[in-house]
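In: Make a model of this:
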Amino acid sequence: MRNFRIVPLTPEFVSKIKSSQKDDFGHDIVEQVASGYGPCRLSLKPFEIGVDKRLLLSYSPFEIDNAYNQPGPVFIHKKDVEPYSDIYRFPKEIKDDKVNFPLSLIGYSKDQQMIFTQLVGDADVDDLIAEIFDHNPDVKYLHARNAEPCCFICKIERI
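Out: Next up is the predicted model:
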């Protein structure tokens, strides 16, 4: 077992968004046919461009209201999907597609201060995450983001 776990959006949060049609910032949810790969932040699977319908919302992955609390756009699948379940490994479809998912990892302290950043590049993201937690004891958790648009993909917690 690795020293981390992948944390996608929760089914409860996604259900709340779908039933209210509003995000936590009061914005209307936008439905659209996928024009990019996403991924869905619940299943952590890429969208099929031109086929899948997705919902766009604003989301903040932070718990503390400070300067690093950065809400941004995320997508969830319109249809019901299974939450990502292989939580001790980074999603393979994202990990293996370095063209459409160039990744960055951003580390935060227990006080939600940004204390670490690294582009994944050609590295194995699972090995890199484990190494970051092994060598940076002050990093409580990481955010995986698409390094180009900087969109939040998932949280990665130290265990």
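In: Would you check that D134 makes contact with F4?
Out: No: between D134 and F4 there is no contact under Cβ atoms under 8 Å: 10.2 Å. Heads up, the C-betas are built off the backbone N, CA and C, glycines and all.
In: What's the per-residue pLDDT of R2 here?
Out: If you check R2, the pLDDT there is 87.
In: Is H143 part of a helix or strand, or is it coil?
Out: strand (DSSP: H, G, I helix; E, B strand; the rest coil).
In: pLDDT score assigned to it?
Out: Looking at H143, its pLDDT reads 97.
In: so how far is C151 from it?
Out: From H143 over to C151 the distance is 10 Å, taken as Cβ to Cβ, to the nearest Å.
In: picking up where we left off before, mind checking which of D134 and F4 has more residues around it?
Out: Counted by other Cβ atoms under 10 Å, D134 and F4 do not tie: F4 has more neighbours, with 21 against 10.
In: bridging residues for that one?
Out: Beta-bridge partners for F4, by DSSP bridges, are R158.
In: Touching, it and I159? I think so.
Out: Yes: contact criterion Cβ under 8 Å: F4 and I159 qualify, at 6.1 Å.
In: How confident is the prediction for the residue lying farthest from the centre of the chain, by pLDDT?
Out: Distance to the chain centre peaks in the chain at H135, reaching 22.5 Å (criterion: Cα atoms, centre = their mean). What the model reports as pLDDT for H135 is 97.
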